[in-house]
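Peer 1: next come a sequence and a model predicted from it.
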Amino acid sequence: MSIIADDNDFQKEKIQKNPVIKAETIEFDKNFENCIRPKSFENYIGQSALKETLKISIEAAKKRELPLDHLLFYGPPGLGKTTLAGVIAEQMGVEIKITSAPSLERPRDIIGILMSLKGGEILFIDEIHRLNKVAEEILYPAMEDFVLDMTTGKSQTVKTLRIPLPKFTLIGATTKAGELSGPLRDRFGIIHRLEFYTEDELAQVISRTAGILNIEITEEGAHAIAKRSRGTPRIANRLIKRVSDFALVKYDGKITKDVANSSLDVLKIDNFGLDNTDRNLLKLIIEKYDGGPVGIETIAAAIGEDARTIEDVCEPYLLQAGLLQRTPRGRKVSPATYRHLGYKTVQNQQSLF
C-alpha cells in the first residue's frame, strides 16, 4: 500500500506532534473502570488455558528481548479482551495505547498512531474487523517489517519511501473473527478465542469486585448474581452495582442470596440471565411462529429491535445456553425454552400455556 505525500519527509514531525486520532494511553489507576481491572494474571479470573499459553509467550519474548508476537483475541463482548491486553502490557512492562477500528477512517489516522509508538509498546485496536481497506493495507508492512510504505512527488518524480517504525506489538480484538480478511488474520502470530465464564468463575469475579468497591457480600449472594450474569464478567460487574443499590436502600447493605434474587427479580432478570428483550424474542417465536424457524429480519421487525443488535447482543448467549437454534431456514427455539418460559411442548413444537 502506498500513500501520496506532499513533500519528501511526509511532514513526519507534524504528524507525530498532532495526529488526528490519538490513541489513549491506559493508566490503570486513574478512574473507576480501571480500578476494578486486574493488573496481573494472578488476579485475572477465568480463561485458564489462555493465561498459561500467554505466560509462556511473554516469558519467551522477555528472554529473547523482543516484543511479543502480534495477538488476536476474539469472542463475544464483555469477556475481558481489553482487560487481558492491559494485563499483557503490565507483564511486559510497556505502555499500551488503545483505539478502535471505526475511528481510523483516514490514512493519516493510523499513520499518526503508528509513528507515535515507541519500541516495545502495545497498540490495541478494538473491533478490528471494522478496519477499512486502506488502513488495513497500511498495517500489513507495519506488522510484518515494521515499516511504512509511502510515495512522494508527482508523475515522473514519484519516489518510494520506506519509513522505519520501532518494533511494537499489535493486539486486535473482535467479536466477529469471520469478518476479518485472510491477509490480516494471517499476520497475527497468536490467535485465541475467549470463552464464556462458569458460574464459579463469575462468583470469584463478583467477590473480587465487591471487595474493591467495599460492598459486603456473602458467597451465596455472589453465586446468585453469577447465575444470572450470562457467563459474562462485564454483566456481572454491572449487576453487582445495581444489586448493591437495592441492598443499601431497601436492606441492611449486605448482599445475601435472598437480597440478590429479590433485587434481580425487580430488575426483571431471570434465573437464566434473560431480560425482557430476550424473553420477548423467544416468546414471539413460540407464540407467533410455532417455535420457528423464522428469519432474523422478521424477528427484528416484530419486536422493534435492530437485526444487528439481536445478532450481536442477544443471540450469542441464547445460542450458548441452548435456548435458541440457527437453521438454514431461520431461528427456532429448543424444548428447553418451552420449559423455561412455562409453555407446554407438543409434538409439532407448537405451544400452549
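Peer 2: Good, I have the coordinates.

Peer 1: surely Pro38 touches Thr83?
Peer 2: Yes: in this structure, Pro38 is within contact of Thr83 by CB atoms under 8 Å, at 6.7 Å. Every residue, glycine included, has its C-beta placed from N, CA and C.

Peer 1: find the residues that touch each one of these two.
Peer 2: Shared contacts of Pro38 and Thr83, defined by CB atoms under 8 Å, 6 or more residues apart in numbering, comprise Tyr44.

Peer 1: residue ranges with poor pLDDT in the stretch 151-300 of the chain?
Peer 2: Applying pLDDT under 70 to the stretch 151-300 of the chain flags residues 153, 155-156.

Peer 1: quick one: the strands in it, in order.
Peer 2: Assigned by DSSP state E, counting those that start in this stretch, the stretch 151-300 of the chain shows strands spanning 159-164, 169-174, 190-193.

Peer 1: tell me the buried residues in stretch 264-280?
Peer 2: The neighbour-count check on stretch 264-280 (16 or more other CB atoms under 10 Å) flags Leu264, Ile269, Asp270, Phe272, Gly273, Leu274, Asp278, Arg279, Asn280 as buried.

Peer 1: return the distance of the third one relative to Leu264.
Peer 2: According to CB to CB, to the nearest Å, Asp270 and Leu264 sit 8 Å apart.

Peer 1: ok, now the fifth one?
Peer 2: Using CB to CB, Gly273 is found at 9 Å from Leu264.

Peer 1: likewise the fourth one?
Peer 2: When CB to CB is the yardstick, Phe272 and Leu264 sit 11 Å from each other.

Peer 1: likewise the last one?
Peer 2: Noted for Asn280: a distance of 18 Å to Leu264, by CB to CB.

Peer 1: picking that back up, now do the shared contacts for Asp270 and Leu264.
Peer 2: Going by CB under 8 Å, 6+ apart, residues that sit against Asp270 and also against Leu264 are Arg228.

Peer 1: and the nearest residue to Lys254 once chain neighbours are set aside, what does it touch?
Peer 2: Excluding the flanking residues, the one nearest Lys254 by CB to CB, 6 or more residues apart in numbering is Glu216, at 4.5 Å. Residues in contact with Glu216 (CB under 8 Å, 6+ apart) are Ala210, Gly253, Lys254, Ile255.

Peer 1: give me the nearest residue to the first one, chain neighbours excluded.
Peer 2: By that I understand Ala210. That would be Ile217: by CB to CB, 6+ apart, it lies 4.4 Å from Ala210.

Peer 1: show me this structure divided up by domain.
Peer 2: Per automatic domain parsing, the structural domains of the chain span 4-193, 199-266, 276-352.

Peer 1: which of the residues in stretch 40-48 are classified as buried?
Peer 2: Applying 16+ other CB under 10 Å to stretch 40-48 flags Phe41, Tyr44, Ile45, Gly46, Gln47 as buried.

Peer 1: let's have those in TSV, adding secondary structure.
Peer 2: Shown next, in TSV, are the buried residues of stretch 40-48 (DSSP: H, G, I helix; E, B strand; the rest coil):
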residue	secondary structure
Phe41	coil
Tyr44	coil
Ile45	coil
Gly46	coil
Gln47	coil
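
Peer 1: out of these, what pair is the most spread apart?
Peer 2: Taking CB to CB, the two most distant members of the buried residues of stretch 40-48 are Phe41 and Gly46; they sit 10.9 Å apart.

Peer 1: what distance separates stretch 81-96 from the middle of the whole chain?
Peer 2: Computed by CA atoms, centre = their mean, to the nearest Å, the separation of stretch 81-96 from the middle of its chain amounts to 15 Å.

Peer 1: same question for stretch 249-265.
Peer 2: So, by CA atoms, centre = their mean, the centroid of stretch 249-265 is 29 Å from its chain's centroid.

Peer 1: again with stretch 298-308
Peer 2: Counting by CA atoms, centre = their mean, stretch 298-308 is centred 23 Å from the centre of its parent chain.

Peer 1: do you have the helices of the stretch 201-350 of the chain handy? List them.
Peer 2: Assigned by DSSP state H, counting those that start in this stretch, the helices in the stretch 201-350 of the chain fall at 219-227, 233-250, 257-266, 276-289, 296-303, 307-309, 315-320, 335-341.

Peer 1: er, the stretch 51-200 of the chain I mean
Peer 2: For the stretch 51-200 of the chain, the helices defined by DSSP H, counting those that start in this stretch cover 81-92, 107-116, 133-145, 182-186, 199-212.
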